[in-house]
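*Asks:* the following block contains a protein sequence and its predicted model.
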Amino acid sequence: MSTQMNALFWKRFAAQVWEKKSMAFPNIDSPLRDIDAERVFHMLVSYADLCRKANDVGGFKLFLEGVRQYDDETLQLLPQKKDKSLTGYHQRMQKLFSDYCLVCDELLQVSEQNWGLLSRFTHELYRHVGFPHRFSEIGLYLGNYQKTPFGVHVDNCGVFSFPVVGTKKFRIWDGSYVKKNPDLVEAHQYDKFKKNSQVLTAKPGDMTYWPSRAWHIAESDGSFSATWSLGVWVDRPHKDVIGETLKSFLEQTMGPDADRAVVPFKDLHGPSGEVSALPGLYQKTQKALQALDEDTLHDLLTQNWLTQISKQGLKTSPRAKMRAPLSAQDAISLRLPSPILWSPLQKTKKICVAFAGETYFHEASASFLKLLKHLNEGQTCLVAKYLKGPGKSADLRLLQTLQSRGALEIRSRSAKSLP
Ligand SMILES: [Fe+2]
């Protein structure tokens with residue numbers, strides 16, 4: 001029987017499972033199944049090609065017999081196009097190593113298509129459980145390793161796993177049980193604790209989930225498996241995020257004083273112990289914070305929220321391809337299924353525009369807002385048609401910045417704009 005991942009599923013998931021219990025969901029009915037062995041292999045090879053070109057191991061980690069390898073060796077043992085498939089790569093590796101585990105964390109940099117599928121999944125999840133202040137990230141684990149090289153561990157992120165080759169088995173313990181049995185921490189031998197564990201088993205097409213406090217280890221009989229997983233980090237409290245916003249406000253308004261690490265003072269206290277006055281730096285801080293009127297606070301919080309949601313709650317966005325900057329004569333559209341966000345500000349007449357975690361304050365004309373609307377609706381737009389009035393040069397500059405961040409794609413270039 002398949003698990004329908006519809007609104008009812010997510011509603012139940014949020015109420016009964018999220019951050020509460022570990023579960024396997026057989027045969028999920030989700031577009032994520034399209035991220036199959038073939039697509040994962042293509043992503044791996046594209047990302048490995050980038051790493052080889054840059055001579056930098058990037059998000060790859062290779063463990064042999066449980067021991068992390070140096071970057072040079074890892075670079076030499078990454079998947080290649082000539083392996084043809086994940087199984088082909090495994091055949092090459094198993095001739096060399098009886099126990100290997102390849103981990104890759106940054107795969108989404110190279111796949112716009114899979115990034116789109118994943119953001120649809122996370123969007124549904126977030127709608128039901130809330131938007132994570134940190135992010136979600138995708139990791140790939142493949143090999144014939146018998147146990148996770150770093151033993152029984154906890155990651156502080158809830159994890160959804162999706163096997164694409166082989167059967168995957170995860171052994172899970174509750175955080176409170178591990179607290180009472182600290183021998184389990186980073187353990188590779190844990191026979192006496194097995195009776196208190198839960199085992200989740202999944203094959204391609206299935207999904208497993210465990211909460212952020214669950215301790216876990218993957219187990220295998222030595223046969224090959226490849227699994228990608230989505231970690232949803234829930235370790236960044238709201239107060240920290242707002243604190244950072246206030247911090248940047250103080251940096252803007254207090255200048256170098258915001259960075260002072262010592263506070264000059266006349267007297268710490270009088271003979272009675274009374275502290276009768278605040279030192280100058282604190283008085284200055286009080287003045288700066290008093291400038292935080294309702295409109296300024298609204299605008300700071302708006303910028304904070306747009307910064308977070310414009311990343312779609314994912315750690316990595318597909319890399320922008322370097323291209324010549326767009327001109328007014330070009331026809332453009334969105335590059336990803338990810339809108340350019342914007343919100344009116346209250347302190348000024350500007351709007352806050354956000355994409356991929358960056359924000360821009362912009363004096364927007366009605367025609368520029370119409371351009372954003374049409375782009376976000378999926379239309380291809382001739383830039384010149386929307387550039388009007390005294391702000392048109394600034395409009396073009398912002399569009400070029402958004403293009404360099406990977407928001408926009410040039411669909412057709414007019415003869416005028418070609419070099
Ligand atoms: Fe883990």
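*Replies:* Here it is on my side, so go on. Numbering: from 1, shown residues only.

*Asks:* from now on I want contacts and neighbour counts done on CA atoms only, so please keep to that.
*Replies:* Fine.

*Asks:* would you mind listing the buried residues in the helix or strand encompassing D49?
*Replies:* Assigning secondary structure by DSSP states H and E places D49 in helix 37-54. Neighbour-count burial for helix 37-54 flags 37-49, 51 (criterion: 16 or more other CA atoms under 10 Å).

*Asks:* what's in contact with that helix?
*Replies:* 57-58, 75, 78-81, 85-86, 106-111, 164-165, 226 (CA atoms under 8 Å, 6 or more residues apart in numbering).

*Asks:* same check on stretch 394-407?
*Replies:* 318-323, 325-328, 334-336, 338, 340, 355-356, 364, 368, 387, 408-409.

*Asks:* how about it as CSV, C-alpha atoms only?
*Replies:* Extracted in CSV, the C-alpha atoms of stretch 394-407 (Å, rounded to 0.1, in the frame of the first residue of the first chain):
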residue,chain,number,x,y,z
ALA,A,394,18.6,51.6,-10.6
ASP,A,395,15.9,49.1,-11.6
LEU,A,396,18.3,47.6,-14.2
ARG,A,397,21.1,47.5,-11.8
LEU,A,398,19.0,45.5,-9.3
LEU,A,399,17.9,43.1,-12.0
GLN,A,400,21.6,42.5,-12.9
THR,A,401,22.3,41.8,-9.3
LEU,A,402,19.4,39.4,-9.1
GLN,A,403,20.7,37.7,-12.3
SER,A,404,24.2,37.3,-10.8
ARG,A,405,22.6,35.7,-7.7
GLY,A,406,20.9,33.1,-10.0
ALA,A,407,17.4,34.5,-9.8
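
*Asks:* re the thing from before, which of the contacts of helix 37-54 are buried?
*Replies:* Counted by 16+ other CA under 10 Å, these give 57-58, 75, 78-80, 85-86, 106-111, 164-165, 226 as buried.

*Asks:* among those, which are in helices?
*Replies:* Using DSSP state H, the subset of those located in helices is 75, 86.

*Asks:* contacts only, for D99.
*Replies:* 64-66, 143-146, 222.

*Asks:* with secondary structure added, can I get the residues you listed in JSON lines?
*Replies:* Shown next, in JSON lines, are those (DSSP: H, G, I helix; E, B strand; the rest coil):
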{"residue": "L64", "secondary structure": "strand"}
{"residue": "E65", "secondary structure": "coil"}
{"residue": "G66", "secondary structure": "coil"}
{"residue": "G143", "secondary structure": "strand"}
{"residue": "N144", "secondary structure": "coil"}
{"residue": "Y145", "secondary structure": "coil"}
{"residue": "Q146", "secondary structure": "coil"}
{"residue": "G222", "secondary structure": "coil"}
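
*Asks:* with neighbour count and pLDDT added, can I get the residues you listed in JSON lines?
*Replies:* As requested, the contacts of D99 are exported to JSON lines (neighbours: other CA atoms under 10 Å; pLDDT from 0 to 100):
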{"residue": "L64", "neighbour count": "16", "pLDDT": "94"}
{"residue": "E65", "neighbour count": "14", "pLDDT": "90"}
{"residue": "G66", "neighbour count": "17", "pLDDT": "88"}
{"residue": "G143", "neighbour count": "28", "pLDDT": "95"}
{"residue": "N144", "neighbour count": "22", "pLDDT": "93"}
{"residue": "Y145", "neighbour count": "26", "pLDDT": "90"}
{"residue": "Q146", "neighbour count": "19", "pLDDT": "88"}
{"residue": "G222", "neighbour count": "14", "pLDDT": "89"}
